[in-house]
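Novice: Predicted model follows, preceded by the sequence.
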Amino acid sequence: MRVHKLKAIIISIVLILPGSLIFFYNGYKDNGFIDTISFLLILIGWAINLFLFFGRRLLKNKKVSFKKNKSIWFKQKIFTAFCYFGFGALLVCNVIVVSDLADRRISSILQNGNTQQALAVVIKLEHRNSRGGPKPYAIIKYQTTNKSIEQSLYNGYDPKFLIGQKLLIKYSVDHPEMFEVLSR
């Protein structure tokens, strides 16, 4: 293996691993900046791998017109689609696996860790943009032993939460932004 390929693989791992770990350890925080940074690191890391292994064929292939040679044109299109769909699949799988592991970590901490209960109040309702369009969220505020925390809850299209509504929550003492709603 050439040295530049080895360096590129190391760089991609150095991007993918921290991006995944940032999301794993901090994804529970209601912080779009953390989510964006972790996703960008993962995306850039996998893009490096895509172009490292398939870039030469993707970029330097002579484009053959359909009229001149249908079979070569078709093979080029299939190869390109395979590369990009494979890249997308790896990226999506990476995000899904890390998200699932982070959810399991949160559940484990809330079930087995040091927790306390608090009364949270819905202070506002807002819509946040996502790939599927704007989604409704309820912003809650609760007091821990050390500070006041604001977090968001998905509110669904059939709103479950109203401004001023009180919720009983359980939060982690060690990670106070980790919480679950016990009752409404």
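Specialist: Okay, I see it. Numbering: from 1, shown residues only.
Novice: what helices or strands is the helix or strand where Leu43 lies leaning on?
Specialist: Here Leu43, judged by DSSP states H and E, is contained in helix 32-60. Here helix 32-60 is seen to pack against helix 3-26, helix 70-112 when contacts are counted using 3 or more Cβ pairs under 8 Å, 6 or more residues apart in numbering; DSSP states H and E. Backbone N, C-alpha and C define where each C-beta goes, glycine included.
Novice: Take the ones you listed and write them to JSON lines, including mean pLDDT, mean neighbour count and distance to Phe179.
Specialist: Listed next are these as JSON lines, based on pLDDT from 0 to 100; neighbours: other Cβ atoms under 10 Å; distance: least, Cβ to Cβ, whole Å:
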{"stretch": "helix 3-26", "mean pLDDT": "88", "mean neighbour count": "15", "distance to Phe179": "15"}
{"stretch": "helix 70-112", "mean pLDDT": "89", "mean neighbour count": "13", "distance to Phe179": "8"}
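Novice: Need these in a markdown table (columns: distance to Ser152).
Specialist: Shown next, in a markdown table, are those (distance: least, Cβ to Cβ, whole Å):
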| stretch | distance to Ser152 |
| --- | --- |
| helix 3-26 | 15 |
| helix 70-112 | 15 |
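Novice: Give me the mean pLDDT for the helix holding Leu43.
Specialist: The predicted model gives helix 32-60 an average pLDDT of 84.
Novice: Where does the record place the domain boundaries for this structure?
Specialist: 3-106, 113-183 (automatic domain parsing).
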